[in-house]
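[1] from the sequence below, what's the structure:
(4 chains)
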Protein chains: 4
Amino acid sequence: MNHRLDGLFPPVTTPFDEEGNLLISRFGENLDRWAAFDLAGLLVLGSNAETPCLSDEERLTLVRTARPRIPAEKSMIVGAGRESTRHTMEFIRRIADLGADYALVGMPCYFKPLMTEQALFAHYWTIADEARIPILIYSVPQFTGIHASAGLIEKLSAHENIAGMKDSGGSLPFEAEVRRRTHSRFKLLVGSALTLLPSLVQGANGGIVAISCSLPQMTIDLYQSFREGNWRQAAEIQERLAPLASAVTASLGIPGLKASLDLMGFYGGPPRPPLLPLDPDQRNGIAVLFRQAGVR
Amino acid sequence: MNHRLDGLFPPVTTPFDEEGNLLISRFGENLDRWAAFDLAGLLVLGSNAETPCLSDEERLTLVRTARPRIPAEKSMIVGAGRESTRHTMEFIRRIADLGADYALVGMPCYFKPLMTEQALFAHYWTIADEARIPILIYSVPQFTGIHASAGLIEKLSAHENIAGMKDSGGSLPFEAEVRRRTHSRFKLLVGSALTLLPSLVQGANGGIVAISCSLPQMTIDLYQSFREGNWRQAAEIQERLAPLASAVTASLGIPGLKASLDLMGFYGGPPRPPLLPLDPDQRNGIAVLFRQAGVR
Amino acid sequence: MNHRLDGLFPPVTTPFDEEGNLLISRFGENLDRWAAFDLAGLLVLGSNAETPCLSDEERLTLVRTARPRIPAEKSMIVGAGRESTRHTMEFIRRIADLGADYALVGMPCYFKPLMTEQALFAHYWTIADEARIPILIYSVPQFTGIHASAGLIEKLSAHENIAGMKDSGGSLPFEAEVRRRTHSRFKLLVGSALTLLPSLVQGANGGIVAISCSLPQMTIDLYQSFREGNWRQAAEIQERLAPLASAVTASLGIPGLKASLDLMGFYGGPPRPPLLPLDPDQRNGIAVLFRQAGVR
Amino acid sequence: MNHRLDGLFPPVTTPFDEEGNLLISRFGENLDRWAAFDLAGLLVLGSNAETPCLSDEERLTLVRTARPRIPAEKSMIVGAGRESTRHTMEFIRRIADLGADYALVGMPCYFKPLMTEQALFAHYWTIADEARIPILIYSVPQFTGIHASAGLIEKLSAHENIAGMKDSGGSLPFEAEVRRRTHSRFKLLVGSALTLLPSLVQGANGGIVAISCSLPQMTIDLYQSFREGNWRQAAEIQERLAPLASAVTASLGIPGLKASLDLMGFYGGPPRPPLLPLDPDQRNGIAVLFRQAGVR
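    Numbering: from 1, shown residues only, chains lettered A, B, ... in the order given. The predicted model follows:
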């Protein structure tokens, strides 16, 4: 039986000190805070974790630290994409050993013009065949430059070890088409808080949205209002949430998300270079916005 | 008091014969059919009318023909964008004389790199100042290559003669931001049937969507279900509508829309070159899809 | 026997007064000045003439004015593209009556997703069949969003009434491929002064470059140095020319080009709205640059 | 005194067997063949080496193997870019220990929207400060999605430990502007064989072009003809070279390059998944083209 994939998953960040060193104890403390919320689970080693800027050793340390702090009834999704098929499979073996429930596999993207649908199909199918834990496809064209078609997702959804996808592209027509072309066992999690409610209206199963790290309860409330058929209330929360998500994550990216975590009592801290920290005006802008919205 | 801008507006097509000549009587017949539906009005000389392929004389003939056939309680919106500010103003004077209720003004786009927000602001403000009828801004980045910001729309919404906008970009975050930044008197009409319900959920006032030409009742039903708070029924209609809209208009464009009109008892006919008519397989594909969906 | 298509052609601008009215006498004076240079001819109604912002009547007035002022041994190329095939043919008939030597036909671009190679082929072939003067294809993807393939150009080059193309895309690999795939009778004129010499090295026949309006002799010198095998001298001129062309036309567009005409003793004047005139700092920047380069 | 940076550098490929295992002996044999040509040096761990699909251990093995096989008078450039500043510095320390002459540092690109010029400047400057060997900037926007400005390159060229750049963007205007804004000590190597001669005409110092792996002599001949002032001969070679480079590397990418190596007596072999090998038709197409061109 598969672990839960309906609901909200914060894509947790990676704490660093001012020198860019990993602060693993801060990571543990954050996890303990998130454990108190009715989340469906967490994503470790997502884009928001600055995963491309971590060594493999650091990545495994994070997974090892997270596992005991995520309650059994919640899902631990772990980011596992690599540019080569073989290294992706290898990394999935290691996170499966450490107790990951799902491997979220981003698309290889360096050789964009060669990443045909045929190549992507072979990549995912091979990985899904071999993996001991179920796979989630991760599409984030704004970072990868790869726009997978709904037809490709449909074909991949036929593999019994591919449990769903995270779509961070933010295209509602694409999400609707994926939903239409896949069976209900295939879970669709969306990556943009800006359109969380519209996506749910169209049949998405939940979200892995950055703002859920700093404002978990607000995203949970939106989701539950929708599930209970209270769409108007969901629309009101969506309307309050969107400008916060837009300011913090869409405009300012990971450094903005980390600043919002600091604000809400989590450890955010600085990003690792080459990402630059916010300047004081940007930090202050977030504080003002959060105050105005009454979230702190 | 302004004319109605809430609800559904088909962007009506322009009938041609096989030689590409305008068939004005067919246009009149189509209008008479649309008059029977509870539409909020019609858009004449939109993109779907192949307006860039019409002469000014043909354009005015279409407006003159349409006016008496659109009941007074419905709005006649007329496309009026030109590359130059002066020719746009001139054309608006002429359609105002002919009884247009609103002028829909697309963005000048040939000199893309020079169409700064400053240039676009001056263009719209000057036009709105002079026009005797209210203006609607028209944003369709997939055709124009111009991505106007929500900030520009906010500034323009301060002009009392700018009544709203039609957004065909299909970006839900953009629409949500426009909605947030403008007062409720500023009407937001969306141009994509694929996301009609999600847009309404976010506060859009209605739609000018191509599929509304061939399936007017279905789009009206979706809108009214939503307005009455019956969101689940609206979601069901949206789900049935999306694949039809996707096949007919998103994939096949104007020739596809015209084929669907032929199928539904309107006059569609061939497009004017350089647009190519559908091949028999494409026409048949639409017929099969409409039959499967039970809409005919 | 065809008119000359090897060498330099300034794409002449359209003079306006401060109200945006056409100044036809200024246009005539500019033409008389250009007549003194060893240019291969001129392009009237190109993009730099703000053609999309002119009425048909204004367009024909410009052609009528230009014809007697362009010596018989030089070629008068006239821009003639329209969105519809029929209106393009109609306009070519009119400019042929007025003595145009070539019609430069841009690609229909409003309905981008429908402008398949099949549609573009039919458009150009039909026009070339009917036109009484030879046709030049005009490719300017930065304005049109249409990237025609070298294969399409190859197919069109088989038509005996298609004499060549103007390529303003600035892609040297594309130009090289066009050159390889077409016979030597098919003339390749390039639209970017930034890469004029590299293009000539690759087999281009000449250029229709904006900076040739204000600095005709410099562009002629570059061309002739190259033709005489004096490549090093050509490279030196190219190196001096590129920053001027970059500043004036690539960065500032038509308003910049017009300012440089004012500087060099032609009539430049303001652009027609929605194009905005340069601010004083921008005008001054051009003056400084031209002074430093010793061109005035 | 710095090592040579003028001339041709093949970006060598990485040999794999059918299972995707590294064939280090084949790599050594290829290097011995390249040693016989009058190349300026080699690039190890470039994009064409499928570096993103290699483990760190494999990368270091390749460097260790290459060093003794590259004669002292030639330069060994080693690709060293990583997403994080710290891991890039760490890897440069290791390749410097192994005798690399230059580190070619690609731009971090996963978090595209955050890779501002300020972030990129800090990244490169920090790395150049610390590195014991000189740095070359690597710009390849078609893979990274990052378009660095000529202004950024100008600022970075002020660092005494930044020796030059490899530009694979193929934009001649950009290359000309970089050349204009940098001192002559800053070397400009281009990455596209399609425009090798035009780039040299504009002042580039040489090339790191894929086709130089399979046709080293032809690229050397082009370069030397140009250097000796024999531009016409250089243009003839360029004309013969371009369609081969276009077919092999521009269209078919690394698998095409590897097939061309097989054809010319080197070991090419299959790529590592997710890259797919050529199908027989594609392989045969290359063979026919090479035969027609008389290169084998």
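[2] number of nearby residues for residue A:113?
    12 (other Cβ atoms under 10 Å in any protein chain shown). From N, CA and C alone the C-beta is placed, and that goes for glycine too.
[3] same check on the one 10 residues further on?
    By other Cβ under 10 Å, 24 other residues sit near residue A:123.
[4] chain D contacts on the stretch 151-296 of chain A?
    Those residues of the stretch 151-296 of chain A that sit near chain D, judged by Cβ under 8 Å from any Cβ of the partner chain, are A:253-255, A:272-276.
[5] so which pair among those is furthest apart in space?
    A:253 and A:273 (14.0 Å; Cβ to Cβ).
[6] where does pLDDT dip in chain A?
    A:1 (pLDDT under 70).
[7] ranges for the helices of it?
    A:24-34, A:56-66, A:85-97, A:117-130, A:141-144, A:150-156, A:172-181, A:196-201, A:211-214, A:216-227, A:231-245, A:253-263, A:280-292 (DSSP state H).
[8] thought residue A:191 was touching residue A:140, still the case?
    Yes - using Cβ atoms under 8 Å, residue A:140 makes contact with residue A:191 at a distance of 6.7 Å.
[9] those two - which one has more neighbours?
    residue A:191 (27 against 21).
[10] count of residues packed around the residue nearest to the more buried one when sequence neighbours are not counted?
    Closest residue in space to residue A:191, ignoring its immediate chain neighbours: residue A:168 at 2.9 Å, by Cβ to Cβ, 6 or more residues apart in numbering or on different chains. By the measure other Cβ under 10 Å, the count of residues near residue A:168 is 24.
[11] the one 10 residues further on now?
    The number of residues packed near residue A:178 is 28, by other Cβ under 10 Å.
[12] could you double-check that it lies in contact with residue A:150?
    Yes - between residue A:178 and residue A:150 there is a contact at 5.0 Å, judged by Cβ under 8 Å.
[13] which non-adjacent residue is nearest residue A:258?
    Closest residue to residue A:258 apart from its sequence neighbours, by Cβ to Cβ, 6+ apart: residue A:268 at 3.4 Å.
[14] same question, residue A:103
    Nearest residue to residue A:103, sequence neighbours excluded (Cβ to Cβ, 6+ apart): residue A:80, at 4.1 Å.
[15] pull the contacting residues for whichever residue of the stretch 1-150 of chain A sits closest to chain B.
    Of all residues in the stretch 1-150 of chain A, residue A:150 sits closest to chain B, at 9.9 Å by Cβ to the nearest Cβ. Taking Cβ atoms under 8 Å, 6 or more residues apart in numbering or on different chains, we find residue A:150 in contact with A:174, A:177-178, A:181.
[16] returning to that earlier point: go through the helices of chain A and name the closest to residue D:215.
    Smallest distance to residue D:215 across these (Cβ to Cβ): 26.7 Å, for helix A:117-130.
[17] taking helix A:85-97 as reference, get the angle to that closest one.
    For helix A:117-130 against helix A:85-97, the angle by axes from the mean of the first three to the mean of the last three Cα atoms, to 10 degrees is 30 degrees.
[18] ok, helix A:117-130 near chain D or not?
    Yes - Helix A:117-130 reaches chain D (Cβ under 8 Å from any Cβ) through A:118-120, A:122-123, A:126.
[19] what subset of those residues is buried?
    When those are checked for burial by 16 or more other Cβ atoms under 10 Å in any protein chain shown, the buried set is A:119-120, A:123, A:126.
[20] save those residues as a markdown table, and put in distance to residue B:50 too.
    Shown next, in a markdown table, are these (distance: Cβ to Cβ, whole Å):
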| residue | distance to residue B:50 |
| --- | --- |
| A:119 | 39 |
| A:120 | 37 |
| A:123 | 43 |
| A:126 | 48 |
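[21] excluding chain neighbours, what is closest to residue A:198?
    Nearest non-adjacent residue to residue A:198 (Cβ to Cβ, 6+ apart): residue B:198, at 3.2 Å.
[22] any idea how far whichever residue of chain A sits closest to chain B lies from residue A:99?
    In chain A, the residue that lies nearest chain B is residue A:198 (3.2 Å; Cβ to the nearest Cβ). Applying Cβ to Cβ, to the nearest Å, the value for residue A:198 to residue A:99 is 34 Å.
[23] so how many other residues sit close to residue A:32?
    10.
[24] how about it, what does it touch?
    residue A:69.
[25] for residue A:69, see how far away it is.
    6 Å.
[26] and what of residue A:188?
    Separation of residue A:188 from residue A:69 (Cβ to Cβ): 27 Å.
[27] which of the two has more neighbours?
    residue A:188 (25 against 17).
[28] near chain B, which residues of chain A?
    Residues of chain A lying close to chain B by Cβ under 8 Å from any Cβ are A:170-173, A:176-177, A:180, A:192, A:194-195, A:197-199, A:201-203, A:229, A:231-232, A:235, A:238-239, A:242-243, A:246, A:250.
[29] can I get the buried ones among the residues you listed as something I can paste into ChimeraX?
    The ChimeraX command for the buried members of those (criterion: 16+ other Cβ under 10 Å) is given here:
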select /A:170,171,172,173,176,177,192,194,195,197,198,199,201,202,203,231,235,238,242,243,246,250
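[30] mind listing what the residue nearest to residue A:274 when sequence neighbours are not counted touches?
    Nearest non-adjacent residue to residue A:274, counting by Cβ to Cβ, 6+ apart: residue D:123, 4.0 Å away. With contact taken as Cβ under 8 Å, 6+ apart, residue D:123 is in contact with A:273-274, D:85, D:88, D:107-108.
[31] okay, and the common contacts of residue A:140 and residue A:191?
    Listed as contacting both residue A:140 and residue A:191 by Cβ under 8 Å, 6+ apart are A:166, A:168-169.
[32] from those residues, which is closest to residue B:161?
    Nearest to residue B:161 among the shared contacts of residue A:140 and residue A:191: residue A:169, at 37.3 Å, using Cβ to Cβ.
[33] number of residues surrounding that closest one?
    17.
[34] between which two of the contacts of residue D:123 is the distance greatest?
    Farthest-apart pair in the contacts of residue D:123 is A:273 and D:107; separation 13.5 Å (Cβ to Cβ).
[35] so the two - more neighbours on which side?
    The residue with more neighbours, out of residue A:273 and residue D:107, is residue D:107; 25 against 20, by other Cβ under 10 Å.
[36] now do the contacts for the closest residue to the more buried one other than its chain neighbours.
    The shortest distance from residue D:107 to any non-neighbouring residue, by Cβ to Cβ, 6+ apart, is to residue D:146 (4.6 Å). Applying Cβ under 8 Å, 6+ apart to residue D:146 gives the contacts D:107, D:109, D:112, D:115, D:120, D:139.
[37] so what's the backbone phi/psi at residue D:146?
    Here is the backbone geometry of residue D:146 (degrees, to the nearest 10): phi -100, psi 120.
[38] I'd like the distance between it and residue D:168.
    12 Å.
[39] give me the common contacts of the two.
    With Cβ under 8 Å, 6+ apart, residue D:146 and residue D:168 have common neighbours residue D:139.
[40] tell me who's in contact with the closest residue to residue A:243 other than its chain neighbours.
    Leaving aside its sequence neighbours, residue A:243 sits nearest to residue B:180 (Cβ to Cβ, 6+ apart; 6.4 Å). Counting by Cβ under 8 Å, 6+ apart, residue B:180 touches A:239, A:242-243.
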